[in-house]
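[1] quick check, what structure comes out for this input:
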Amino acid sequence: QVQLVESGGGLVQAGGSLRLSCAASGRTFSSYHMAWFRQAPGKEREFVAGISWSGAWTSYEDSVKGRFTISRDNAKNTMYLQMNSLKPEDTAVYYCAATVRSRLTSSTNDYDYWGQGTQVTVSS
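    The predicted model follows:
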């Protein structure tokens, strides 16, 4: 098992930046594919970005391509999401998630472990 704890959320003006972190417990962090999801009020949870266990493969939702960067440091058991050029529509609770499946996916149903989430609010 792995436990996930997000941090780094907050209030930022449009055009600003934030860096989210996801700290994982356990010694098997490097064996999981990881992802960030977000959920805005009244909307379903959606995929934002994913990264393979080694960091060699990444995937992004179209609306964040070129603005967000996902990365991980397996030595520190931590995953990151650098968010630049933030927009009001990026406002949501951001969750990190881990999957034991053999390939990286964008479906919430495929992820086995979730953090509690961190709030990101972008003002216009």
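
[2] got the phi and psi for the residue nearest the centre of the chain?
    Central residue of the chain (Cα atoms, centre = their mean): residue 36, 2.2 Å from the mean position. Per-residue torsions, residue 36: phi -110, psi 140 (degrees, to the nearest 10).

[3] ok, for it, nearest residue in space, not its chain neighbours?
    residue 48 (4.3 Å; Cβ to Cβ, 6 or more residues apart in numbering). Every residue, glycine included, has its C-beta placed from N, CA and C.

[4] same question for residue 14.
    Residue 14 sits nearest to residue 124 (Cβ to Cβ, 6+ apart), 5.3 Å away.

[5] that neighbour contacts residue 12, correct?
    No - counting by Cβ atoms under 8 Å, residue 124 does not reach residue 12; the two are 11.2 Å apart.

[6] okay, these two: which has more neighbours?
    residue 12 (17 against 9; other Cβ atoms under 10 Å).
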